[in-house]
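Asker: Following is a predicted model, sequence given first.
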Amino acid sequence: MITTIISVVAYVVLAPLVGGLLAGLDRIVSARMQGRVGPPLLQPFYDVFKLREKEDITVNNVQDFYVTCFFFFVVVTGAFFFAGGDLLLVIFTLTLASVFLIVAAFSSNSPYSQIGAERELLQMMAYEPMVLLTAIGFYMTEGSFKVKDIISGGAMDFLPLVGVFFGFIFILTLKFRKSPFDLSMSHHAHQELVKGLVTEFSGKTMALIEVAHWYENIFLLGFVFLFFANGTIWGAVIGVVVCLLAYFLEVFIDNNFARMKWQVAINSAWLVALILGVINLFIVYLI
Amino acid sequence: MGTIFFLILFPLVVAFVLLVVKADAARGAIVKFAALVIAAGSIFLAVQYFQNGGQYFDFSNETVNYVMMVIEACLAIYIIYTGIKHKKYLASLFAIIQTPLLIWFELTKGHHIQVGSNLYIDRLSMIMALIIGIIGSLICVYALGYMKDFQHHHSGEKDRRPWFFFVMFVFLAAMFGLVTSNNLIWMYFFWEITSLSSFFLIGYTKTKEATNNAFRALIMNLLGGLGFAVGILILGFVYDTIELSTMITYGTMYQGIMAIPAAFLAFAGITKAAQMPFNSWLLGAMVAPTPTSALLHSSTMVKAGVFMIIKLAPCLGMGNFAGLMVMTVGGVTFLMASFAAISQSNAKKVLAYSTIANLGLIVTCGGIGTAGAVWAGIMLIIFHAITKSLLFLCVGTAEHNIGSRDIEDMDGLFGRMPRLATFVMIGIAGMFLAPFGMLISKWASMTAFVDSGNILLVAIICFGSAATAFYWTKWLGKMAAVVAGAENIQQNVHKEEWFVQGTLVVLTIAACLAFPLVSSYMLVPYLEGVFGGLSSMALSADNMIIMCVMVVVVLLLILFFFGKTKKRIVPIYLAGANEGDDLRFHGAMEKPVSVSLRNWHMESYFGEKKMNVIGCSVTAAVIIIGLGLMIGSLVTILTGGAA
């Protein structure tokens, strides 16, 4: 019980710090790949602080509510994860959070944010099967959906679930909203429709979305970590290293692809889920 | 036993009274009173059940059997006549085959089979009775206001409302009979009455389209009825019983032994639950007035189909072909109907496809036939009945007030009819979002699918859930959109409509809070009784508690923070200069250009026709193979071949 509380509190406090640092690192690495020096490491934090000082404006009186709920449930999702809770519960709560964000964008009735919202919805439909298959994969190898049991389970799930692992890495591009699948919102100004999903958000609301993404990124990497955790220190070390590598890989992909059409996103994500996910599960079932 | 009789006979009496009462005020009073009594009666039945716990009733009365037989014959003659009159010979043909077949059986073989108990009540039929009694009668009350408007919109036509309410109440009576019959011949009798009632309700407007769709529904359900009759015949001749309880006891003891009759009865359930390839009758049923759709989709008709399959679950399962047939049909239907829903913009059609998809999930749960799967299936029945009736009734109200049932025309409903939009949003959230009802049951069914080891079904539910989230969220977004300059027009809505919808909203939320209790007092004892041993709940207790807490948190968040902002409200960005009203921008030609937004339907991916062709051909093949195998093994048994 005590450890559960400690890890949840640690997540709530540390996740935005680590997430923000990762975002800063992302920007430096991206800049180096593009032959620039890039901003300081703490730039994402400066950005958020600056956003918080902007004038308080909004386009209607309900949007902030939806965004706040989005933020709240992203944090809750991560809390479930780090409390060692049920993976399906984690996924469903994340869906709830995402729906709040999408509804926030819809509520503005602005063309650009609506296009962003629908694209976000499409991305959700694209990655959802693979995310669910990942959770089911853990259940089939460990006999439990609980993060607690998966982490302490003796075997390294990466080996039986190697297909699921690569499938999950593939859809991470969608989840992190990295190019080529940054359809709903992008930090590459040259390929964005105004500002996509977040067109109508500003100031503190926008800052909240940024921080929510840091939270989200951390527990998504937590999923990657689960593949390697086997209750030993070595498993944990390998897990953290692979998380960093995965993040670096996403940044690398982000800088090497232009945005692709939405058809590519859904076709490829579902194909990956079918081939790497379903077939892997079928093999796990057989052995 | 008295309460069951009352629940069957009282709606029947009310129905006949409503047939002769022509005045609006009197009809209103009678329907409201009857609805109250029926709802109270079904609750009383539950209370009585918990006090006495009595389960089976030995009610044997030869006269009742003969009366039923005579009514059945009369109905068959009517079907044959009307089929010939409208040149729908298939309907006549099915009636000519099955009714004499069954009457012959009853008079010969059936006469000698000892029936221990004709009626029964267990926790499952009690749940069904509550759904029929509460939701069904709420819909009847809603229909009062709706049908008044409907008559107003079709003022040139004859007022057939007495007939409409007559059929509605007959329907309720038949449903009560259906869920409490232990004698399969009785169940068949009520089954056929529900088929015929929905035929009348769908064809209510008597337009060409309505008549055609009504006949389609009738023909498909008669085909199912034929399956039912064949199932009874096999049970009678081979197993020497016509009792549902005996059949299920055998099925539980030796899984697979009852596979052959179970396959035919499940086939009847599949047609009634509008599974592919029979889904078109439910889509066609949309031509009827909205209360009909609400009734068919939520508490009656299709629920009779899934009730049958859930009931048969112990005789199905991964181990026999009947189970495999049922779960494959359900799974494929769930996936294809979820996809097809994406491509629709007609609100009633989206709801219809979502119903078909959810029924598919329930059918799959029944087909898997483990305690966990059946738990999920029953939960789905409960939550779906409440939420889907709410959504249908909301769409009906929207249609009468904005003049369209198209989701694209519901632009700015949040401003025009704020209360209705809120109700729709609650309903939609209830259909797919954590922590609300349907998601809880979907979660449970996902776990049950994984445990069954059927990886195909696991894949189906993963992809189907993704599609489900897509079409609901885009509708939710449309509802949430705040369009500037919308005028509030919701004062014209009848107060009966608000009352019914409000009650359903309360029920939607209450069900999410009360489901752990429903699980431990109703489902778990039922499952332990049927499957024996320690029944497994599909969800662990702490997950159920987390869900309930989340419901409370979401409600509190909405209550305290919704719509409150101190910020300055500014115009939205429209690329060109916003004209200031958020509806037009200053275009390149120095003229205002108005903005309108449309949803995304992905026709090229999820076109309705394509999904139906794929779904129907796969399921038709599965059913033909499944039933073919059953007939084959039946012949082997009867001829005493190598078994």
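Answerer: Received, thanks. Numbers count the residues shown, from 1 in each chain, chains lettered A, B, ... in the order given.
Asker: what about residue 134, how many neighbours?
Answerer: Went with chain A since none was named. Counted with other CB atoms under 10 Å in any protein chain shown, residues neighbouring A:Thr134 total 27. In this view, the C-beta of every residue, glycine as well, is placed from N, C-alpha and C.
Asker: um, chain B though
Answerer: When counting by other CB under 10 Å, one arrives at 23 neighbours for B:Ile134.
Asker: In space, what's closest to it - neighbours in sequence excluded?
Answerer: Distances taken as CB to CB, 6 or more residues apart in numbering or on different chains put B:Ala39 closest to B:Ile134, at 4.9 Å, once the chain neighbours are dropped.
Asker: Look at A:Ser179 and give its secondary structure.
Answerer: coil (DSSP: H, G, I helix; E, B strand; the rest coil).
Asker: Look up the pLDDT of it for me, please.
Answerer: The model reports A:Ser179 with a pLDDT of 86.
Asker: list the contacts for whatever residue of the stretch 51-200 of chain B ends up closest to chain A?
Answerer: Ranking the residues of the stretch 51-200 of chain B by distance to chain A (CB to the nearest CB) places B:Ile127 first, at 24.7 Å. The contact partners of B:Ile127, taken as CB atoms under 8 Å, 6 or more residues apart in numbering or on different chains, are B:378, B:381-382, B:518, B:522.
Asker: Can you add neighbour count and pLDDT and give those back as a markdown table?
Answerer: Output for the contacts of B:Ile127, formatted as a markdown table (neighbours: other CB atoms under 10 Å in any protein chain shown; pLDDT from 0 to 100):
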| residue | neighbour count | pLDDT |
| --- | --- | --- |
| B:Ile378 | 29 | 94 |
| B:Ile381 | 25 | 94 |
| B:Ile382 | 23 | 94 |
| B:Val518 | 16 | 89 |
| B:Met522 | 21 | 87 |
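Asker: picking that back up, could you name the helices and strands sitting against the host helix or strand of the residue nearest to B:Ile134?
Answerer: Element membership for B:Ala39 (DSSP states H and E) is helix B:24-52. Packing partners of helix B:24-52 (3 or more CB pairs under 8 Å, 6 or more residues apart in numbering or on different chains; DSSP states H and E): helix B:2-20, helix B:123-130, helix B:137-153, helix B:161-180.
Asker: The longest one packs against which elements?
Answerer: Under the contact definition 3+ CB pairs under 8 Å, 6+ apart, helix B:161-180 sits against helix B:2-20, helix B:24-52, helix B:123-130, helix B:137-153, helix B:184-202, helix B:302-312.
Asker: Just tell me which of the ones you listed ends up closest to A:Met124.
Answerer: Closest to A:Met124 of those is helix B:302-312 (CB to CB; 28.8 Å).
Asker: all strands for the chain, in order.
Answerer: Answering for chain A, as no chain was given. For chain A, strands defined by DSSP state E occupy the ranges A:57-58.
Asker: not quite, I wanted chain B
Answerer: Taking DSSP E as the criterion, chain B carries its strands at B:56-57, B:119-120, B:568-569, B:577-578, B:584-586, B:592-594.
Asker: Please identify the deepest-packed of those.
Answerer: Each of the strands of chain B was scored by mean neighbour count; the highest is strand B:119-120, a mean of 21, by mean count of other CB atoms under 10 Å in any protein chain shown.
Asker: now it: mean pLDDT?
Answerer: Mean per-residue pLDDT for strand B:119-120: 86.
Asker: Check stretch A:59-79 too.
Answerer: Stretch A:59-79 carries an average pLDDT of 93.
Asker: what's the burial count for the closest residue to chain A within chain B?
Answerer: Nearest residue of chain B to chain A: B:Gly477, at 3.1 Å (CB to the nearest CB). Neighbour count for B:Gly477, taken as other CB under 10 Å: 24.
Asker: any idea how far A:Val99 is from it?
Answerer: Using CB to CB, to the nearest Å, B:Gly477 is found at 9 Å from A:Val99.
Asker: For the spatially closest residue to B:Ala459 that is not a sequence neighbour, give me its contacts.
Answerer: Distances taken as CB to CB, 6+ apart place A:Val278 nearest to B:Ala459, at 4.6 Å, with adjacent residues excluded. Applying CB under 8 Å, 6+ apart, we find A:Val278 in contact with A:133, B:455, B:458-459.
Asker: go again using 7 Å as the cut-off
Answerer: Listed by CB atoms under 7 Å, 6 or more residues apart in numbering or on different chains, the contact set of A:Val278 reads A:133, B:455, B:459.
Asker: that older thread, does the residue of chain B closest to chain A touch A:Ala104 like I think?
Answerer: No - with contact defined as CB atoms under 7 Å, B:Gly477 does not count as touching A:Ala104 (9.4 Å).
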